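In: here you go, sequence then predicted model.
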Amino acid sequence: MVKRVILAVFVLLLAGCGGGGGGSTSPTSGGPQASDTAAAVTAATGPSPTGADSANGTTPTGATGGAGQQADAPCTAEAMAGAVQAALSAGPEGTVAIAECRNGFARVFYRPEATNLETEQLFLVDTDGAWTVLTYGTGIDCADDDLRPAGLEEACVALGLRPASPGGGGALTIDELNAEVTSQAASSPLAMSTAFTCISDHGTSVDGTVDTGSVLTCRPDPEPTEGQFPLLTVLVLDGGAGTIAWAQAGVENPSLNADGFFDRSLPRGLNCTDLVADPVFVADMAERLDPDLVYFAVVLYWFLEDRPTPRMDVDSDGIPCETRFPADVVNRVWKGGFVS
């Protein structure tokens, strides 16, 4: 364990996998490799996948969260330094290298200045907008069957270092989905005081469950007989956990109507570079190009294309085009809920 080392923090984005807990470093839990790409990270309000997109050569940047929202812990080494220093009883010298950071978790490596001291691996969790250390150690590997402490498996899954357990059958029932959409619509800034019924556009299985990767259109139930009414496009981000993201479609944002997504001269087979180069495909009625909605549309495209890897997910971590968008944007969409 590092004792009384002076800490000079810099930011380094590295693609990798692995965990912490004593012993020698395994291939997946080892430090950053020579092939990893370093890049500066600006102050991001939400953790997001870090590391270079090898197909695009770009890295995420950050931005501040919306007004009135609890800011997520910034995905920067500066923001993590205090927690790392406290956990390791380290002084203000050494370096922190970020291996992964998204979905409220981060994995980092602390390199002491003294060459005779060991590089340490730490897993951190966002607690009320500040980083705290979940656990640390060079021997933790996210592929292990018995991960400790509680919360480490969740961290490994959230960071893309371990596949999600199929808990809850891996799918929502359609009734559960309808209830969740209705609840979220009522508590969202839109305050929609109506029940919603959802119809599958893509991915619903034959037994009536709604799996990860499904896309649905939801409309009021009962449907009004006069005037306009809201339509919602819903993405099932994790069927087992019941995580969904949704946005207004219909006349409010016709470009997000899932049933006609490819009818607007938007070809199939595009990659992240193609989509980001011409984001006008997701402009709403006011021709607004909100980054969250653009990324929502990219994930919608990915789902409707049956989640192509590596065309849109070069590192096969289940998060498409993450390096082409600000870190906080990616995090907000994958956390689920209303995307505005």
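Out: On my side now, so go ahead. Remember, it's a predicted structure, so these values are computed and weren't measured experimentally. Residues are numbered from 1 along each chain as shown.

In: show me the helices in the stretch 1-150 of the chain, by range?
Out: Under the criterion DSSP state H, counting those that start in this stretch, the stretch 1-150 of the chain contains helices at 77-88.

In: shaky segments in it?
Out: 1-70 (pLDDT under 70).

In: ok, now the stretch 201-340 of the chain?
Out: For the stretch 201-340 of the chain (pLDDT under 70), the answer is 204-207, 264-265, 279-288.

In: which stretches in it count as helices?
Out: Ranges of helices in the stretch 201-340 of the chain, per DSSP H, counting those that start in this stretch, are 272-277, 291-304, 327-335.

In: I'd assumed Ala186 was in contact with Ser193.
Out: Yes: the pair Ser193 / Ala186 is scored as a contact, 5.9 Å apart, by CB atoms under 8 Å. (C-beta placed from N, C-alpha, C; glycine too.)

In: so which of those two has more stuff around it?
Out: The residue with more neighbours, out of Ser193 and Ala186, is Ala186; 14 against 8, by other CB atoms under 10 Å.

In: using the three-state scheme, assign the more buried one.
Out: When classified by DSSP: H, G, I helix; E, B strand; the rest coil, Ala186 comes out as helix.

In: mind listing what it touches?
Out: The neighbours of Ala186, taking CB atoms under 8 Å, 6 or more residues apart in numbering as the test, are 192-193.

In: quick check: it vs Leu235, distance?
Out: Applying CB to CB, to the nearest Å, the value for Ala186 to Leu235 is 19 Å.

In: of the helices of the stretch 201-340 of the chain, which is nearest Thr119?
Out: Closest approach to Thr119 among the helices of the stretch 201-340 of the chain is made by helix 327-335 (24.1 Å; CB to CB).

In: show me what that closest one is packed against.
Out: Applying 3 or more CB pairs under 8 Å, 6 or more residues apart in numbering; DSSP states H and E, one finds that helix 327-335 contacts strand 95-102, strand 243-248, helix 291-304.

In: give me whichever of these is most buried.
Out: Greatest average neighbour count among these goes to strand 95-102 (a mean of 25), per mean count of other CB atoms under 10 Å.

In: show me what it is packed up against.
Out: Against strand 95-102 (3+ CB pairs under 8 Å, 6+ apart) you get helix 77-88, strand 105-111, helix 327-335.

In: hmm, 10 Å instead?
Out: Counting contacts by 3 or more CB pairs under 10 Å, 6 or more residues apart in numbering; DSSP states H and E, strand 95-102 packs against helix 77-88, strand 105-111, strand 120-127, helix 152-158, helix 327-335.

In: wait, Val157 touches Thr243, no?
Out: No: using CB atoms under 10 Å, Val157 is not in contact with Thr243, being 11.7 Å away.

In: and the strands in the stretch 101-250 of the chain, which stretches?
Out: Using DSSP state E, counting those that start in this stretch, the strands of the stretch 101-250 of the chain run over 105-111, 120-127, 130-136, 171-173, 196-204, 209-220, 232-238, 243-248.

In: can you put the helices of the stretch 201-340 of the chain in CSV and add distance to Ala86?
Out: Converted to CSV, the helices of the stretch 201-340 of the chain look like this (distance: least, CB to CB, whole Å):
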stretch, distance to Ala86
helix 272-277, 38
helix 291-304, 34
helix 327-335, 24
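
In: nearest to Leu134, of these?
Out: Leu134 sits nearest to helix 327-335 of all the helices of the stretch 201-340 of the chain, at 17.5 Å, using CB to CB.

In: what angle do that closest one and strand 243-248 make?
Out: Orientation check (axes from the mean of the first three to the mean of the last three CA atoms, to 10 degrees): helix 327-335 against strand 243-248 gives 110 degrees.

In: can you name the residues bridging to Ser200?
Out: Leu216 (DSSP bridges).

In: wait, isn't it in contact with Ser214?
Out: Yes: with contact defined as CB under 10 Å, Ser200 reaches Ser214; the gap is 6.3 Å.

In: more neighbours, the two?
Out: A count of neighbours by other CB under 10 Å puts Ser214 above the other of Ser200 and Ser214, at 25 against 18.
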